[in-house]
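Chemist: Show me how the following folds:
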Amino acid sequence: MIYQEWKQLYIAVLKNKINSHKYSENHSEQYLDELSLELLERGGFEEGCGHWDCVTAEQAAEESFQLWLDDYFIDEEQNNE
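Modeler: Numbering: from 1, shown residues only. Reported below is the predicted structural model:
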């Protein structure tokens, strides 16, 4: 699979996962696009990094989704306790 195909699949899977989460209801499509690209970079899944070639797009999206949950909601939940 070439990188652009892998990236498109990654973003589609990740956005679907985020959209299924209750906290995403207030986010625009533009926000989700930007968030997906940010998580792509943070996960080291950019074309030049090579890490994407060792992981399926679905697994990478799962890792990024978990990173999003950890970063945005675990700290928030702990602060509300």
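Chemist: use CA for all of it now, contacts and neighbours both
Modeler: Will do.
Chemist: and the residue positioned nearest the centre of the chain, helix, strand or coil?
Modeler: When Cα atoms, centre = their mean is applied to the chain, the residue found nearest the centroid is Ser64 (3.9 Å). Three-state call for Ser64 (DSSP: H, G, I helix; E, B strand; the rest coil): helix.
Chemist: all helices for this protein, in order.
Modeler: 3-19, 29-42, 57-69, 75-79 (DSSP state H).
Chemist: Ok, which of the ones you listed comes nearest His51?
Modeler: Counting by Cα to Cα, His51 lies closest to helix 57-69 out of the helices of the chain; the figure is 9.6 Å.
Chemist: quick one on the thing from earlier: same list as before, the helices of the chain that is, but in JSON lines and with distance to Gly50 and mean pLDDT included.
Modeler: JSON lines is the format used below for the helices of the chain (distance: least, Cα to Cα, whole Å; pLDDT from 0 to 100):
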{"stretch": "helix 3-19", "distance to Gly50": "10", "mean pLDDT": "94"}
{"stretch": "helix 29-42", "distance to Gly50": "12", "mean pLDDT": "90"}
{"stretch": "helix 57-69", "distance to Gly50": "13", "mean pLDDT": "92"}
{"stretch": "helix 75-79", "distance to Gly50": "31", "mean pLDDT": "51"}
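Chemist: ok, the residue nearest to the centre of the chain - contacts?
Modeler: Leu14, Leu39, Leu40, Gly43 (Cα atoms under 8 Å, 6 or more residues apart in numbering).
Chemist: Need the buried ones from these selected in ChimeraX.
Modeler: Restricted to buried positions by 16 or more other Cα atoms under 10 Å, the ChimeraX selection for the contacts of Ser64 reads:
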select :14,39,40,43
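Chemist: a markdown table for the contacts of Ser64, including distance to Asp70?
Modeler: As requested, the contacts of Ser64 are arranged in a markdown table below (distance: Cα to Cα, whole Å):
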| residue | distance to Asp70 |
| --- | --- |
| Leu14 | 15 |
| Leu39 | 12 |
| Leu40 | 15 |
| Gly43 | 13 |
